[in-house]
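Enquirer: Show me how the following folds:
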Amino acid sequence: MRVLVTGATGRVGSRLAPRLAAGDTVRVVVRDPGRAAGLAERGIEVVTGDLLDPDTVKQAVAGVDAVVHLAAAFRQVSDEEIVAATHDTTVGLARAALDAGVGRFVFSSTNLVYGPGRGRPANEGDEPAPAATYPAAKVRAERALLDLHRNAGLGLRILRLPFVYGDGDPHLAESLGFAARRPAHWRLQMAHHADVAQGVTLALRAEGIDGRIYNLADDAPITAWELYALQGRQAPSQPTSSPAGTSPNVEKVADEVDPWEGIVDIERIRRELGYRPIYPSVYAARAAGAL
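Expert: Residues are numbered from 1 along each chain as shown. Sure, this is the predicted structure:
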């Protein structure tokens, strides 16, 4: 299979593309070819250009069998840039893929689309309720792609990813930045890069799943306290309730956090695609030396 991967110089794409190249012919599209030098050395074809440029997109999709679309923006950019990179490029790429006769289009979304407040793990049938610009742009992109699937036959498969880590990715260390603002019992659902690659490969290969959405994650969300402990750090002390006799305006950290926010049900991807996490927890990845 000839596969186009976007976002190949990002944290997920730079680890996914070589794994796909072990069994498929891979092409990537990048703005800075210097950052893709390591991919080119592995025999991966590099197309240079911008996904907002129609000529670049047309060149990128020509002759491929499938697209894995990872490219997005959500760190240190404006809301307008987030929407352009996350929604606008997605729609343009999907339309070009249709025009080129590309059979399969795997879209990388996020479990942040669900938002809090369900009192249970979120599943793919839940209506999204994004609370920020980035997941809102992902929801818009998902809906546009589903319209192209229904009305034009786009061979769409959507994967909603959690917090991704491993393979030397600094993401795990960076998690302490937001864990510090959460109570120690707050949980984060994760997936190792190897399991993202597994899910993408299964979605690429499976027959009869066009238009389906899949949550992808490991089996064991971990707490903010564990995130600190994994990195040899002491979790900051935080109150879990207001002391007796204090004003009701005193912040109640525990009460402000939905214990199910960000936690997803992965039964569908297990049942329909045969997904089984290689690293069912971050502890399994640590034991294997895969962090």
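Enquirer: show me where this protein has helices.
Expert: 13-21, 37-41, 54-61, 79-83, 89-99, 133-152, 171-174, 176-179, 193-205, 224-230, 267-273, 282-287 (DSSP state H).
Enquirer: want to try JSON lines for those helices, with mean neighbour count as columns?
Expert: Where C-beta positions appear, they are placed from N, C-alpha and C, glycine not excepted. Shown next, in JSON lines, are the helices of the chain (neighbours: other CB atoms under 10 Å):
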{"stretch": "helix 13-21", "mean neighbour count": "22"}
{"stretch": "helix 37-41", "mean neighbour count": "14"}
{"stretch": "helix 54-61", "mean neighbour count": "18"}
{"stretch": "helix 79-83", "mean neighbour count": "15"}
{"stretch": "helix 89-99", "mean neighbour count": "20"}
{"stretch": "helix 133-152", "mean neighbour count": "19"}
{"stretch": "helix 171-174", "mean neighbour count": "15"}
{"stretch": "helix 176-179", "mean neighbour count": "15"}
{"stretch": "helix 193-205", "mean neighbour count": "22"}
{"stretch": "helix 224-230", "mean neighbour count": "19"}
{"stretch": "helix 267-273", "mean neighbour count": "16"}
{"stretch": "helix 282-287", "mean neighbour count": "17"}
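Enquirer: export the ones you listed to TSV and tack on distance to Gly211 and mean pLDDT?
Expert: Shown next, in TSV, are the helices of the chain (distance: least, CB to CB, whole Å; pLDDT from 0 to 100):
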stretch	distance to Gly211	mean pLDDT
helix 13-21	22	97
helix 37-41	31	95
helix 54-61	20	97
helix 79-83	24	92
helix 89-99	13	97
helix 133-152	5	97
helix 171-174	30	91
helix 176-179	33	88
helix 193-205	12	98
helix 224-230	36	93
helix 267-273	12	98
helix 282-287	32	97
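Enquirer: Using a markdown table, please lay out these together with distance to Ala122.
Expert: Shown next, in a markdown table, are the helices of the chain (distance: least, CB to CB, whole Å):
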| stretch | distance to Ala122 |
| --- | --- |
| helix 13-21 | 24 |
| helix 37-41 | 34 |
| helix 54-61 | 32 |
| helix 79-83 | 22 |
| helix 89-99 | 22 |
| helix 133-152 | 12 |
| helix 171-174 | 21 |
| helix 176-179 | 19 |
| helix 193-205 | 17 |
| helix 224-230 | 20 |
| helix 267-273 | 12 |
| helix 282-287 | 20 |
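Enquirer: quick one, what contacts the nearest residue to Arg15 once chain neighbours are set aside?
Expert: What sits nearest to Arg15 in space, not counting adjacent residues and going by CB to CB, 6 or more residues apart in numbering, is His193, at 4.3 Å. Residues in contact with His193 (CB atoms under 8 Å, 6 or more residues apart in numbering) are 12, 15-16, 164-167, 169.
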